[in-house]
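Asker: Give me coordinates for this.
(one chain, ligands or ions: 1)
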Amino acid sequence: MSRLLRTGLNAGTAAPSVVGGEGVHFLLSDGRRVLDGSNTGGPLGHGHPRMAEALRKAASLPMVSEGWAWAGRDRAAEELFGIGLAGEDWAGAVRFCLSGSEANDIALSLCQALSGRRAIATRERAYHGLVGLSRDVTVQPHWHGGLAAPGATRVPPAGAPVHVLPPPEGAAWRADGAVVPPIAQRLHGAPGMLADSAAVILDYSQGGFYHDAAYQDAVAGMAREAGCLWIADEVVTGLGRAGRPFAFQGGASRPDIVTLGKGLGGGMQAVAAVVLSEEVVARMRGSSWQNYGTLRGHPMAMAAVSAYLTILREEALLERVAALEGLFRRRLVEMAGRHPSAFRVAGQGLHWTIELHGPDWREWRADVAEAPVASQVAARALELGAVIGTSGEQTSLFLAPPLVIGEVEAERLLAILDESLLVADRAHNGAQA
Ligand SMILES: Cc1ncc(COP(=O)(O)O)c(C=O)c1O
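Answerer: As a prediction, the model looks like this:
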């Protein structure tokens, strides 16, 4: 038995064993070099020379806890505002922390303190993390933070009452061509849910639901009306992956709080952030924020944030992602039309979801022994030379390669997915027969 406890993320299949990485490739223990196709934490790929150099230099910095001042932390905050949040005049201040989960928990508990309300709201199929309140608003049924086993799943009780709004839609392609009802109809129950909520938290990728300007602006308006704060969870989409600095910039509304993580330090340091609007900062004036973490804002993490923001700007990563978005949309829609197993394609920038036909995701609890169809497709992709992720979901695959991927490698990744989907087609055709 291994001494190391593992996650159930790669539901049903053995995870690849990585021994190294270079550029957009992983090196595996079996000697193969495979494309890194679904890694939301690795915007720069592996061994980016400028990031590696920044970290080498940072390794000799002192250890300074969050309770002490560190000039590099102030510098990283200024750069986040100067580069990432340029032009966003509503944004007031930032606090750094360690993970997306922690950022969301801190943000949600702050909203509870400010409003005196306990309930929080999210949308269907959301994932916001597995710590504290972020776990409560993670409503994908298989990510409950407990123990999943055939017939004996143990789920920890939630800490806060959670309201679940309908999701935005906006698929690039759907097998059933379904027409989505108008926003007002879909969100007609939302004001009631927001009326007693401290915050509503919206992300822009999980479960295959991406940015939808009309949806965002409608929820933002209802939240304001209800005295409920709006948190934009940009842990996946912030600072690169969406092809613009933030996904929320696609709408007219602006959040009260933004959370960041994953790629914020180029994926090479555990670092996340909570950005507060000036209005929220003003509401906190006169109070000390009784929240602390020893390793938050660590000098090495701050060096990684500064290096990432510089690379983002100087290597024009946003422009690169925006240019590749069209290629992914075109190829995935065309591919889905040829594969009977495909149900839905949606995405933005360099994050794309391919949902397969199959049982309703609401029923999936990762509590069966068989590998789900998405994991079987991912296993085939690995044989063919690419790591493609499933988020541990039963019927959903996603592509999120490093933002530094070139067109030739992107085409190869898409071709591998295309061929791997034959596994799902066979399962689908068998089930139909
Ligand atoms: C939208 C979103 N928010 C928050 C998180 C949690 O981030 P972390 O895994 O860094 O705790 C994730 C992780 O996948 C995420 O996708």
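
Asker: and the residue of the stretch 1-150 of the chain found nearest the ligand, what does it touch?
Answerer: Proximity to the ligand, evaluated over the stretch 1-150 of the chain using C-beta to the nearest ligand atom, is greatest for residue 100 at 2.3 Å. Heads up, the C-betas are built off the backbone N, CA and C, glycines and all. With contact set as C-beta atoms under 8 Å, 6 or more residues apart in numbering, residue 100 has these partners: 128, 129, 134, 233, 235, 259, 260, 261, 262, 272.

Asker: cool, residue 43 as well?
Answerer: Contacts of residue 43 (C-beta under 8 Å, 6+ apart): 239, 240, 241, 262, 263, 266, 267, 308, 317, 402, 403, 404.

Asker: tally of neighbours for the fourth one?
Answerer: Taking other C-beta atoms under 10 Å as the criterion, the count of residues near residue 262 is 25.

Asker: Count the residues that sit near the closest residue to it other than its chain neighbours.
Answerer: Using C-beta to C-beta, 6 or more residues apart in numbering and skipping the chain neighbours, the partner closest in space to residue 262 is residue 41 (4.7 Å). Residue 41: 17 surrounding residues under other C-beta under 10 Å.

Asker: What of residue 179?
Answerer: Other residues lying near residue 179 total 8 when counted by other C-beta under 10 Å.

Asker: With residue 118 as the reference, measure out to it.
Answerer: Residue 179 sits 37 Å away from residue 118, going by C-beta to C-beta, to the nearest Å.

Asker: Then residue 188?
Answerer: From residue 188 across to residue 118, the span is 24 Å (C-beta to C-beta).

Asker: Likewise for residue 352?
Answerer: From residue 352 to residue 118 the distance is 36 Å (C-beta to C-beta).

Asker: Compare these two (neighbour count), which wins?
Answerer: residue 352 (26 against 12).

Asker: Could you name the specific helix or strand carrying that one?
Answerer: Assigning secondary structure by DSSP states H and E places residue 352 in strand 351-356.

Asker: Pairing partners for that strand, with directions?
Answerer: Sheet pairing of strand 351-356 (DSSP bridges) gives strand 342-348 (antiparallel), strand 396-399 (antiparallel).

Asker: Count the residues that sit near the nearest residue to residue 321 once chain neighbours are set aside.
Answerer: Leaving aside its chain neighbours, residue 321 sits nearest to residue 243 (4.1 Å; criterion: C-beta to C-beta, 6+ apart). For residue 243, the count of nearby residues is 22 (other C-beta under 10 Å).

Asker: Then the one 10 residues further on?
Answerer: Applying other C-beta under 10 Å, we find 16 residues neighbouring residue 253.

Asker: Check the one 4 residues further on too.
Answerer: By other C-beta under 10 Å, the residues close to residue 257 number 24.

Asker: for it, what are its contacts?
Answerer: Shown in contact with residue 257 (C-beta under 8 Å, 6+ apart): 107, 110-111, 199, 229-232, 274-277, 280.

Asker: From those residues, which land in helices?
Answerer: The helices, defined by DSSP state H, take in 107, 110, 111, 280 from these.

Asker: Test my guess that the last one contacts residue 256.
Answerer: So that's residue 280. Yes. In this structure, residue 280 is within contact of residue 256 by C-beta atoms under 8 Å, at 5.4 Å.

Asker: can you give me the helices for the stretch 301-433 of the chain?
Answerer: Ranges of helices in the stretch 301-433 of the chain, per DSSP state H, counting those that start in this stretch, are 317-338, 373-384, 407-432.

Asker: which of the ones you listed sits most buried?
Answerer: With neighbours taken as mean count of other C-beta atoms under 10 Å, the helices of the stretch 301-433 of the chain reach their highest mean count in helix 373-384, at a mean of 22.

Asker: what does the stretch 51-200 of the chain put close to the ligand?
Answerer: Counting by C-beta under 6 Å from any ligand atom, the residues of the stretch 51-200 of the chain close to the ligand are 99, 100, 101, 104, 127, 128, 129.

Asker: What about the residues you listed, which are in helices?
Answerer: Here DSSP H is the test, and those give 100, 101, 104 as lying in helices.

Asker: Tell me who's in contact with the residue nearest to residue 321.
Answerer: Residues in contact with residue 243 (C-beta under 8 Å, 6+ apart) are 318, 321, 322, 325, 348, 349, 350.

Asker: Can you pick out the most distant pair from those residues?
Answerer: The distance between the two most remote of the contacts of residue 243 (C-beta to C-beta) is 12.4 Å, for 318 and 348.

Asker: circling back: closest to the ligand out of the strands paired with strand 351-356?
Answerer: strand 396-399 (10.2 Å).

Asker: What backbone torsions are found at the residue nearest the centre of the chain?
Answerer: For the chain, residue 236 is the residue whose C-alpha lies nearest the centre (C-alpha atoms, centre = their mean; 3.1 Å). Dihedral angles of residue 236 (phi, psi; degrees, to the nearest 10) stand at phi -90, psi -40.

Asker: same check, this time on residue 97
Answerer: Per degrees, to the nearest 10, the backbone of residue 97 is at phi -150, psi -160.

Asker: Could you report the neighbour count for it?
Answerer: By the criterion of other C-beta under 10 Å, residue 97 has 27 neighbours.

Asker: That one bridge partners, please.
Answerer: Bridge pairing for residue 97 - DSSP bridges - gives residue 272.

Asker: OK, contacts around residue 350?
Answerer: Shown in contact with residue 350 (C-beta under 8 Å, 6+ apart): 240, 241, 243, 321, 324, 325, 328, 399, 400, 401, 403, 405.

Asker: Quick check: closest non-adjacent residue to it.
Answerer: In this structure, residue 350 finds its nearest non-sequential neighbour in residue 321, 5.0 Å apart by C-beta to C-beta, 6+ apart.

Asker: Below-threshold pLDDT in this protein: ranges please.
Answerer: By pLDDT under 70, the low-scoring segments of the chain are 1, 10-14.

Asker: Could you rerun that using 50?
Answerer: Scanning the chain for pLDDT under 50 picks out the ranges 11-12.
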